[in-house]
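A.B. asks: my questions are about this predicted structure, shown below with the sequence.
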Number of protein chains: 2
Amino acid sequence: MGARRDVFQAIADPTRRAIIGMIAKEPVNVNTIAEQFDVSRQAISLHLKILAECGLLSMKQQGRERICEAKLEKLNEVNEWISQYKQFWNTKLDALDKFLKNNEKLK
Amino acid sequence: MGARRDVFQAIADPTRRAIIGMIAKEPVNVNTIAEQFDVSRQAISLHLKILAECGLLSMKQQGRERICEAKLEKLNEVNEWISQYKQFWNTKLDALDKFLKNNEKLK
DNA sequence: TATAAGAGCAAGTGTTTGCTTGCACAAGTT
DNA sequence: AACTTGTGCAAGCAAACACTTGCTCTTATA
């Protein structure tokens, strides 16, 4: 099977999720990201490559640094897949919610 | 690295996502699931095992059949992780939404 | 200009994954 | 009792993954 380079596969790895968390608020350069982890810079570099390939991240050259910026809207693909199933697990919570709201009115 | 058996990893595989889609509405037995795919029954059986191990699926023995039932509430783990980033990619859409609503009023 | 810092590329390794084929075995059916 | 059906278990395999070390190259800086 050829390399799947989709968002689902990208966020399957905990290190990559941590990277996303790290660059979500502001763009960060490669080495700064790598310093936060125990693994080698090259390992992180590969994770960044994977994230970039699936569109979750974009790189900008800035002098000798490469700045990584998160493209969080790509997560919407996952969000939409999940959404179609939300009704199934939210049913019970919804019922509780309605009950509580109703209870409130009766007071 | 030991086998990660979490929801993120489980839904990374397209076949497993398809299985979830198949059993979401109603429980189905193993062979019926396997028939829907091109791969062997054993391959599907392994996917089911992975889904079961991470809690996305539960098995019930029923005579000689094993019924697979989806535990979609487990997807909430993924949903919550995604949710923390929604604000980042929804900002622009929200702005557009407000603009359109405002435009509507001005008509 | 010499040196340090940021970062890609390549080769090599051990583990995991996705899949297959073959065998076993228990629960229904004839 | 013999046969069919549903399913698991195990061995084996190729590709992918996560990492490492070593080297190179370019851009700053002392």
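C.D. replies: Good, I have the coordinates.
A.B. asks: from here on, just use CA atoms for contacts and neighbour counts.
C.D. replies: Fine.
A.B. asks: which stretches of chain A form helices?
C.D. replies: Secondary structure of chain A (DSSP state H): helices at A:7-10, A:14-23, A:30-35, A:41-53, A:76-106.
A.B. asks: most tightly packed of the ones you listed?
C.D. replies: Neighbour counts (mean count of other CA atoms under 10 Å in any protein chain shown) averaged over each of the helices of chain A peak at helix A:7-10, with a mean of 22.
A.B. asks: counting by contacts, list what that helix packs against.
C.D. replies: With contacts defined as 3 or more CA pairs under 8 Å, 6 or more residues apart in numbering or on different chains; DSSP states H and E, helix A:7-10 has these neighbours: helix A:41-53, helix A:76-106.
A.B. asks: that helix near DNA strand C anywhere?
C.D. replies: No. Using CA under 7 Å from any atom of the strand, we find that helix A:7-10 stays clear of DNA strand C, coming within 8.8 Å at best.
A.B. asks: and that helix, average pLDDT?
C.D. replies: Mean per-residue pLDDT for helix A:7-10: 96.
A.B. asks: quick one: name the residues of chain A near chain B.
C.D. replies: A:8-13, A:24, A:72-73, A:75, A:79, A:82, A:85-86, A:88-90 (CA under 8 Å from any CA of the partner chain).
A.B. asks: any low-confidence regions in chain A?
C.D. replies: Chain A contains residues with pLDDT under 70 at A:1-4, A:91-107.
A.B. asks: quick one: end-to-end length of stretch A:19-33, please.
C.D. replies: 7 Å (CA to CA, to the nearest Å).
A.B. asks: that stretch and DNA strand D, are they touching?
C.D. replies: No. Stretch A:19-33 stays clear of DNA strand D (CA under 7 Å from any atom of the strand), getting no nearer than 11.1 Å.
A.B. asks: near DNA strand C at all, that stretch?
C.D. replies: Yes. Shown here: stretch A:19-33 in contact with DNA strand C (CA under 7 Å from any atom of the strand) through A:29-32.
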